[in-house]
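Chemist: sharing a model that was predicted from the sequence below.
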Amino acid sequence: QKEVEQDPGPLSVPEGAIVSLNCTYSNSAFQYFMWYRQYSRKGPELLMYTYSSGNKEDGRFTAQVDKSSKYISLFIRDSQPSDSATYLCAMSAVQYGNKLVFGAGTILRVKS
Amino acid sequence: DTEVTQTPKHLVMGMTNKKSLKCEQHMGHRAMYWYKQKAKKPPELMFVYSYEKLSINESVPSRFSPECPNSSLLNLHLHALQPEDSALYLCASSRLPGQSNTEAFFGQGTRLTVV
């Protein structure tokens, strides 16, 4: 079993839809949770950073962390074709030197 | 400014060549990382530097040699690479473990092709 599970997709949605992206993990030591967006042949861009459980909102993006269920989510409201990319979840813990553990990445396609 | 700058953007090298990848950040981060990413896969950690000292080497072959000349710069020296080393090489930086706001910021990567 991988430490972080993420459905690779692809996930196809119409423009304007609400997108839900998810990751599950097995290591309860993880404390820091991140979502990155990666366009083809580019570096990952940090979208959201959350410490421990709770919600965080930034514009059209909302990140949720449920440590009791070992489950994190990223919601994208009013999705746009420019949101088409690969979305990577990543998590870390101080005891592991903040080494990032990535999910496989979900390919999102928003169709106009 | 959350920018990590990598040069060159693209590199083609022969198996007998020696080349270097460069990375620079001015966020005051004291942790810097090299990752390797193959197509349709997540990034894989190669090396971590903390306070300019190598703290993690993920069993990377010696044909990859990292160097951290100062707190803003990170190099990756390449020698005698194999075609299977062709990938996107990513540099990242962050604050140190235990500090607040330890999210990692990535550069745009160097796309390396070994011929």
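Modeler: Cool, got the structure. Note that the coordinates shown come from a computational prediction; the quantities given were computed from them, not determined experimentally.
Chemist: sheet partners, orientation included, of the helix or strand of chain B with the lowest mean pLDDT?
Modeler: Ranking every helix and strand in chain B by mean pLDDT, DSSP states H and E puts strand B:53-57 at the bottom, with a mean of 92. In the sheet, strand B:53-57 lines up against strand B:44-50 (antiparallel) (DSSP bridges).
Chemist: and the strand it pairs with, average pLDDT?
Modeler: Mean pLDDT, strand B:44-50: 94.
Chemist: which residues touch it?
Modeler: Strand B:44-50 has contacts (Cβ atoms under 8 Å, 6 or more residues apart in numbering or on different chains) with A:97, A:99-100, B:30-38, B:54-58, B:60, B:64, B:66, B:68, B:74, B:76, B:96-97. Bear in mind the C-beta positions are built from the backbone N, C-alpha and C, glycine included.
Chemist: could you find the closest non-adjacent residue to residue B:16?
Modeler: residue B:80 (6.8 Å; Cβ to Cβ, 6 or more residues apart in numbering or on different chains).
Chemist: for residue A:76, same thing?
Modeler: Per Cβ to Cβ, 6+ apart, closest to residue A:76 is residue A:19, 4.1 Å.
Chemist: how much space between the one you found and residue A:65?
Modeler: Per Cβ to Cβ, to the nearest Å, residue A:19 is found 18 Å from residue A:65.
Chemist: so, low pLDDT: which residues of chain B?
Modeler: Residues of chain B that meet the criterion pLDDT under 70 lie in B:1, B:98-101.
Chemist: okay, residue A:19 and residue A:65: which has more neighbours?
Modeler: Counting neighbours by other Cβ atoms under 10 Å in any protein chain shown for residue A:19 and for residue A:65 shows that residue A:65 has the greater number, 23 against 19.
Chemist: what strand or helix carries the closest residue to residue A:83 other than its chain neighbours?
Modeler: Distances taken as Cβ to Cβ, 6+ apart put residue A:110 closest to residue A:83, at 5.1 Å, once the chain neighbours are dropped. Residue A:110 is part of strand A:106-111, with elements assigned from DSSP states H and E.
Chemist: list the neighbouring strands of that strand plus their orientation.
Modeler: Next to strand A:106-111 in the sheet, as set by DSSP bridges, lie strand A:11-14 (parallel), strand A:85-92 (antiparallel).
Chemist: would you mind finding the most buried of these?
Modeler: strand A:85-92 (a mean of 24; mean count of other Cβ atoms under 10 Å in any protein chain shown).
Chemist: report the distance from that strand to the chain centre.
Modeler: From the chain centre to the centre of strand A:85-92 is a distance of 5 Å (Cα atoms, centre = their mean, to the nearest Å).
Chemist: ok, the helix or strand following that strand near chain B or not?
Modeler: Next along the chain after strand A:85-92, taking DSSP H and E as the criterion, comes strand A:101-102. Yes: applying Cβ under 8 Å from any Cβ of the partner chain, one finds strand A:101-102 in contact with chain B at residue A:102.
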